[in-house]
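Visitor: Sharing a model prediction with you, sequence too.
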Amino acid sequence: MACEGCRNQVTQALYAELEAFIDALPEKKGALISVLHKAQSLFGYLPKEVQVFVGEKLGVPVSQVYGVVSFYSFFTMVPKGKYPISVCLGTACYVRGADKVLEAFKKELGIEVGQTTPDGKFSLDALRCVGACGLAPVAMIGDKVYGRISSEEEVKKILREYE
Amino acid sequence: MSKYMMHILVCGGTGCLSSQSGEIVEGLKKAIEDIGMQNQVQVVKTGCFGFCEKGPIVKILPDNTFYVQVKPEDVEEIVSEHIVKGRKVERLLYENPESKTPISDSKHMNFYKKQMRVALRNCGFINPENIEEYIARDGYGALAKVLTLSQMEVIEEVKKSGLRGRGGGGFPTGLKWEFAYKNVADQKYVVCNADEGDPGAFMDRSILEGDPHSIVEAMAICGYAIGATKGLVYIRAEYPLAVKRLECAIAAAREYGLLGEHILGTAFSFDIEIRFGAGAFVCGEETALIHSMEGKRGEPTTKPPFPAASGYWAKPTNVNNVETFANIPVIFLKGAEWFSKIGTEKSKGTKVFALAGKINNVGLIEVPMGTTLREVIYDIGGGIKGGKQFKAVQTGGPSGGCLTEKDLDTPIDFDNLLAKGSMMGSGGMIVMDEDDCMPAVAKFYLEFTAEESCGKCTPCRVGTKRLLEILEKIVSGRGTPKDLDTLKELSEVIKDTALCGLGQTASNPVLSTLKVFEEEYIAHVRDHKCPAKQCSALLQYRITEKCVGCTACSRVCPVGAISGTVKKQHTIDISKCIKCGACESKCRFNAIVKE
Ligand SMILES: Cc1cc2nc3c(=O)[nH]c(=O)nc-3n(C[C@H](O)[C@H](O)[C@H](O)COP(=O)(O)O)c2cc1C
Ligand code: SF4
Ligand code: FES
């Protein structure tokens, strides 16, 4: 674990990168969502300080920034786990038993949807269709797609890959 | 493509990539190089073939060999046997599901026989990351042709084709373009709606992943027709591969002078930018989408004004769906007349469907409008999985409804589906079998709409929540017959009073299942039974005479609900049972049933 000072340096570098991104925008009008996408890709989530920073840089009231962040499910105000898990609850996955897959992940990790494990390793989310319906039911860990998850055993096996 | 004598096409769609098709491509390339045939045999990573059920797919041209469920370890055999010795690898060939004989030419597969590929014409044939391959298949030929016509001539051609919007509404595309053309302004915009929100549908994604240039070309054509110099694609951030291929296509088109200033030496200039969605279903609605592109909350506004009059930054804006655009270049290459000969009287052309659920061949299909559901489900889809009984097919996603056995011979088109109480929607088709409980399906959709309601208007924000609560009550066995009346009444009210399409159609899954499967609802609320045996709260465990009295169940039951003497049939005390299912999974004699 990095000490307070180093962590600050890392954060400063992220803010600097975000600032450079904003300054390089050809047009600030209407750029809020693109800037938030960038900010979330840098910080991993959008804490209050980042929202305030974005608002100030773009000349947009923070209330409006918050309004946008809270509207879209892609944006998150809590940090995700190192390995973010998304279980697809799209229709194709639903009719092939996605609810059971979600239950199995909840049970294995001991967390609910939207939560992160205490060690910060896994977070659990539900999502609607990743476009791999042919493999239903589907879950994603990071960018990796796991398909045809047929049993609780399989969920355990998948999680073991990340031990 | 012709300088090679053989092509190995490997599906690089999302489904197949996640089952290692990337490794297969790399392996094939390397193996071909190892035998020094890289100048004779080309390995291409293409877009989706549609046959996702059996992915990863490897297709070999010119002989149309269709290998299914290929693994990276199969690469060596494919190269040493097929490529070098010309002998097909039988064990990887697709088998005819009835006769169990391998099919050596994909033309003979039922899955492809009834399909007609117009919007998907290049998906699975070309490398989407190579503009030359698109050009070799007449790509950008339509744009070149259009630039010699007048704007109104272009619009007339689209009108004549009879093309209607594929995003769900089915509005005539030519007419929409004409509105945008006639609205005079210093700046106009062309927007491609790639927000594909219907969960369980992946048509637009596959087109963008498999043939991104067709969208770039069509947007430029539209820009020319309505007098816009700027195009925007609004795409879901959850589609990283589609984004990457689109970015790559836009960059290549700029390089070739097909986007940018003075396209093909004419006075016409046009360029395209990408905008990302952020996970809100309502942003697929065009006014909400425009607000989202402006960096705001994606809340819809009432129409009129329509985007064609006042859209992005209050300028005339033409919004079309991805698949709608994908049809445009073909209309100009083959002529409006050719296009209008396909399909039914009022629905021209083809439609792409994402076939999913309890069906043998899950995948992406394209059929002429007017094809029947029976042909889609049985001939192309290969029937119901596991030999179960077909129950219903859901079309139109969360805004649509269910079609049943009696609708199987209805020709599919915009108007017929509406008349049957469902709708075309964007093309999601979810097949359900006897094990699917309809009130539970309705509840599934309402969970979705209640969560996705933007909250701007009360009928939708509160109404969907109430509908959901009633449905939850019904599937958990606490429903009463009166709930069914409330469901109906509330559904009608929401339909009449919600602001945007999301709310107005949110109750369709309820109304449609209530109409077609009323008996099933009644069984839930009157008899507290779930005929499909899906709603666990309504099921009871029972021990049958198969029980040998091993006592395993009574020991595993966490609440001590099972009693009986050794070597005698046990019984479950229903009043104590918490329906955890522990006994059922413990029993080695299949003596415990749920009913
Ligand atoms: C709640 C809601 C969601 C929608 N989602 C989509 C979508 O994901 N993709 C799409 O192309 N159209 C969607 N539409 C339809 C669009 O509002 C619009 O009609 C369409 O993009 C127009 O293009 P078209 O004429 O080519 O179909 C949606 C409409 C509503 C009311
Ligand atoms: S109908 Fe629903 S989604 Fe549409 S504006 Fe009203 S609350 Fe928002
Ligand atoms: S519904 Fe799960 S991947 Fe499409």
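Guide: Cool, the structure landed. Numbers count the residues shown, from 1 in each chain, chains lettered A, B, ... in the order given. Ligands and ions are numbered 1, 2, ... in the order given.
Visitor: which residues does B:C580 contact?
Guide: Taking CB atoms under 8 Å, 6 or more residues apart in numbering or on different chains as the criterion, B:C580 is in contact with B:P558. For every residue, glycine as well, the C-beta is placed using N, CA and C.
Visitor: okay, and the helix or strand of chain B with the least pLDDT?
Guide: Within chain B, no helix or strand scores below helix B:14-17, which has a mean of 82 by mean pLDDT, DSSP states H and E.
Visitor: Contacts for it next, please.
Guide: So helix B:14-17 is contacted by A:130-135, A:145, A:147, B:10, B:48, B:52, B:55-57, B:202, B:205, B:209, B:241 (CB under 8 Å, 6+ apart).
Visitor: nearest residue to the residue of chain A found nearest ligand 2 other than its sequence neighbours?
Guide: For chain A, the residue positioned closest to ligand 2 under CB to the nearest ligand atom is A:F71, at a distance of 11.0 Å. Closest residue to A:F71 apart from its sequence neighbours, by CB to CB, 6 or more residues apart in numbering or on different chains: B:R297 at 4.4 Å.
Visitor: Which of the contacts of helix B:14-17 fall within strands?
Guide: Assigned to strands by DSSP state E, the following of these qualify: A:145, B:10.
Visitor: Mind checking which of the contacts of helix B:14-17 are in helices?
Guide: If you go by DSSP state H, those have B:205, B:209, B:241 in helices.
Visitor: re earlier: after the least confident helix or strand of chain B, which helix or strand is next? Please name it.
Guide: Sequence order places helix B:21-34 as the next helix or strand after helix B:14-17, per DSSP states H and E.
Visitor: Measure how far the host helix or strand of B:E133 is from the centre of its chain, please.
Guide: Using DSSP H and E, B:E133 sits within helix B:131-136. Counting by CA atoms, centre = their mean, to the nearest Å, helix B:131-136 is centred 26 Å from the centre of its parent chain.
Visitor: mind exporting that helix as CSV, just the C-alpha atoms?
Guide: In CSV, the C-alpha atoms belonging to helix B:131-136 read as follows (Å, rounded to 0.1, in the frame of the first residue of the first chain):
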residue,chain,number,x,y,z
ILE,B,131,-11.7,-0.3,-46.0
GLU,B,132,-10.4,-1.9,-49.2
GLU,B,133,-12.4,-5.0,-48.6
TYR,B,134,-15.6,-2.9,-48.2
ILE,B,135,-14.7,-1.0,-51.4
ALA,B,136,-14.1,-4.3,-53.2
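Visitor: in that helix, what counts as buried?
Guide: Along helix B:131-136, these residues count as buried under the neighbour rule (16 or more other CB atoms under 10 Å in any protein chain shown): B:131, B:133-135.
Visitor: Now do the phi/psi pair for the residue lying closest to B:K579 once chain neighbours are set aside.
Guide: Residue nearest to B:K579 in three dimensions, not counting chain neighbours: B:S536, with 5.7 Å by CB to CB, 6+ apart. Dihedral angles of B:S536 (phi, psi; degrees, to the nearest 10) stand at phi -60, psi -30.
Visitor: if I pick B:S536, what's in contact with it?
Guide: B:S536 is in contact with B:579, B:581, B:594, counting by CB under 8 Å, 6+ apart.
Visitor: quick one: the first one and B:L538 touch, right?
Guide: No - the pair B:K579 and B:L538 fails to qualify as a contact (CB atoms under 8 Å) at a distance of 9.6 Å.
Visitor: More neighbours: which of those two?
Guide: Neighbours were counted for B:K579 and for B:L538 using other CB atoms under 10 Å in any protein chain shown; B:L538 has more, 23 against 15.
Visitor: and B:Y234, helix, strand or coil?
Guide: strand (DSSP: H, G, I helix; E, B strand; the rest coil).
Visitor: By proximity to ligand 1, which residue of the stretch 401-550 of chain B wins?
Guide: Closest approach between the stretch 401-550 of chain B and ligand 1, counting by CB to the nearest ligand atom: B:G501, at 2.3 Å.
Visitor: Dihedrals phi and psi, that residue?
Guide: Dihedral angles of B:G501 (phi, psi; degrees, to the nearest 10) stand at phi -60, psi -30.
Visitor: Counting neighbours, what do you get for it?
Guide: As a burial measure, B:G501 scores 19 neighbours (other CB under 10 Å).
Visitor: Tell me which residues touch it, please.
Guide: B:G501 makes contact with B:168-169, B:285, B:300, B:399, according to CB under 8 Å, 6+ apart.
Visitor: just the strands in chain A please.
Guide: Going by DSSP E, chain A shows strands at A:83-88, A:122-127, A:139-141, A:144-146.
Visitor: The second one near chain B at all?
Guide: In this case it means strand A:122-127. Yes - Strand A:122-127 reaches chain B (CB under 8 Å from any CB of the partner chain) through A:L127.
Visitor: for the last one, same thing?
Guide: Yes - for a cut-off given as CB under 8 Å from any CB, strand A:144-146 has contacts with chain B, namely A:144-146.
Visitor: buried subset of those?
Guide: Buried by 16+ other CB under 10 Å: A:145-146, out of the residues of strand A:144-146 next to chain B.
Visitor: would you turn the residues of strand A:144-146 next to chain B into CSV with pLDDT and distance to A:E108?
Guide: Listed next are the residues of strand A:144-146 next to chain B as CSV, based on pLDDT from 0 to 100; distance: CB to CB, whole Å:
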residue, pLDDT, distance to A:E108
A:K144, 84, 17
A:V145, 86, 19
A:Y146, 90, 14
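Visitor: so where is chain B shaky, pLDDT-wise?
Guide: B:1-2 (pLDDT under 70).
Visitor: contacting residues for the most centrally placed residue in it?
Guide: Nearest to the mean C-alpha position of chain B, counting by CA atoms, centre = their mean, stands B:A201 at 2.1 Å. Taking CB under 8 Å, 6+ apart as the criterion, B:A201 is in contact with A:129, A:133, B:354, B:397, B:425-428.
Visitor: Looking at the residues you listed, point me to the pair that's furthest apart.
Guide: Across these, no pair lies farther apart than A:C133 and B:G425, at 15.0 Å, counting by CB to CB.
Visitor: Neighbour count for the two, which is higher?
Guide: Each of A:C133 and B:G425 has its neighbours counted (other CB under 10 Å); A:C133 has more, 33 against 26.
Visitor: can you tell me which residues contact residue 111?
Guide: No chain was given, so I picked chain A. By CB under 8 Å, 6+ apart, the contact list for A:I111 reads A:117, A:122-124.
Visitor: sorry, should have said chain B
Guide: By CB under 8 Å, 6+ apart, the contact list for B:F111 reads B:50-51, B:361, B:363, B:365, B:380, B:382.
Visitor: helix or strand for it, which one?
Guide: B:F111 belongs to helix B:110-113, assigned by DSSP H and E.
Visitor: need the next SSE after the helix holding B:E133, C-terminal direction.
Guide: helix B:141-146.
Visitor: buried sites along that next one?
Guide: Residues B:142-143, B:146 are the ones in helix B:141-146 that count as buried (16+ other CB under 10 Å).
Visitor: which ones among the contacts of B:G501 come in contact with ligand 2?
Guide: When contact is defined as CB under 6 Å from any ligand atom, the contacts of B:G501 meet ligand 2 at B:P300.
Visitor: Filter the contacts of B:G501 down to the buried ones.
Guide: B:168-169, B:285, B:300, B:399.
Visitor: Same list (the residues you listed) but as JSON lines, adding secondary structure and distance to B:S575.
Guide: JSON lines is the format used below for the buried ones among the contacts of B:G501 (DSSP: H, G, I helix; E, B strand; the rest coil; distance: CB to CB, whole Å):
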{"residue": "B:G168", "secondary structure": "coil", "distance to B:S575": "49"}
{"residue": "B:G169", "secondary structure": "coil", "distance to B:S575": "53"}
{"residue": "B:E285", "secondary structure": "coil", "distance to B:S575": "49"}
{"residue": "B:P300", "secondary structure": "coil", "distance to B:S575": "50"}
{"residue": "B:S399", "secondary structure": "helix", "distance to B:S575": "43"}
